[in-house]
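Chemist: quick one, structure for this:
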Amino acid sequence: QVQLLESGGGLVQAGGSLRLSCTVSGRTRRSYAMGWFRQVPEKEREFVAAITWNGSGAYYRDSVKGRFTISRDNAKNTVYLQMNSLKPEDTAVYYCAADPYDVSRDHGAVKLWGQGALVTVSL
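Modeler: This next block holds a predicted model:
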């Protein structure tokens with residue numbers, strides 16, 4: 001059974017940085033495509049970023065382009081989300097996502113989730 005374990009959330013001031021990590025554990029035949037979503041209360045979970053299984057391609061929502069970077073280390077089965085120049089509107093619970101082929105921007109198509117990590121950005 002494949003599981004995703006996240007770490008790295010916390011409280012940071014606006015303009016600061018945080019790095020989220022997500023480690024894949026369990027039996028996997030190959031590296032998964034990975035991604036990050038976020039959610040605030042009473043809103044739908046939204047796509048943030050995704051990376052292909054081998055790291056050859058990365059995709060971002062427009063509002064985080066130039067500030068967030070997704071990367072991966074397949075030797076450690078870990079994906080990272082480096083978040084710089086954080087803004088209060090980035091405050092959310094961030095969820096790691098995985099798929100054997102491709103992480104859809106539609107959260108409804110994602111079947112494998114982490115437990116979530118709270119990121120709070122204060123003024």
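
Chemist: quick one: mean pLDDT over stretch 73-82.
Modeler: Throughout stretch 73-82, pLDDT has a mean value of 95.

Chemist: could you do stretch 85-103 as well?
Modeler: When pLDDT is averaged along stretch 85-103, the result is 96.

Chemist: enumerate every residue touching the closest residue to residue 64 other than its chain neighbours.
Modeler: Nearest residue to residue 64, sequence neighbours excluded (C-beta to C-beta, 6 or more residues apart in numbering): residue 48, at 6.0 Å. Any C-beta I mention is one placed from the backbone N, CA and C, and that applies to glycine too. When the contact criterion is C-beta atoms under 8 Å, 6 or more residues apart in numbering, the partners of residue 48 are 35-38, 60-61, 64, 68, 81, 94.

Chemist: any idea which element residue 48 lies in?
Modeler: Element membership of residue 48, judged by DSSP states H and E, is strand 46-51.

Chemist: contacting residues for the residue most central in space within the chain?
Modeler: Relative to the mean C-alpha position of the chain, the nearest C-alpha, by C-alpha atoms, centre = their mean, is the one of residue 36, at 2.4 Å. For residue 36, the contacting residues are 20, 22, 48-50, 70, 79, 81, 94-97, by C-beta under 8 Å, 6+ apart.

Chemist: quick check: the two most widely separated of the contacts of residue 48?
Modeler: With C-beta to C-beta as the measure, no two of these lie farther apart than 60 and 94, at 13.7 Å.

Chemist: okay, these two: which has more neighbours?
Modeler: Neighbour comparison, residue 60 and residue 94: the larger count goes to residue 94, with 24 against 18 (by other C-beta atoms under 10 Å).

Chemist: so which strand or helix has that one?
Modeler: Mapping residue 94 onto the secondary structure by DSSP H and E places it in strand 92-99.

Chemist: in its sheet, what does the helix or strand just after that strand sit against?
Modeler: Beyond strand 92-99 in the direction of the C-terminus, DSSP H and E gives the next helix or strand as strand 112-113. Taking DSSP bridges as the criterion, strand 112-113 forms sheet pairs with strand 92-99 (antiparallel).
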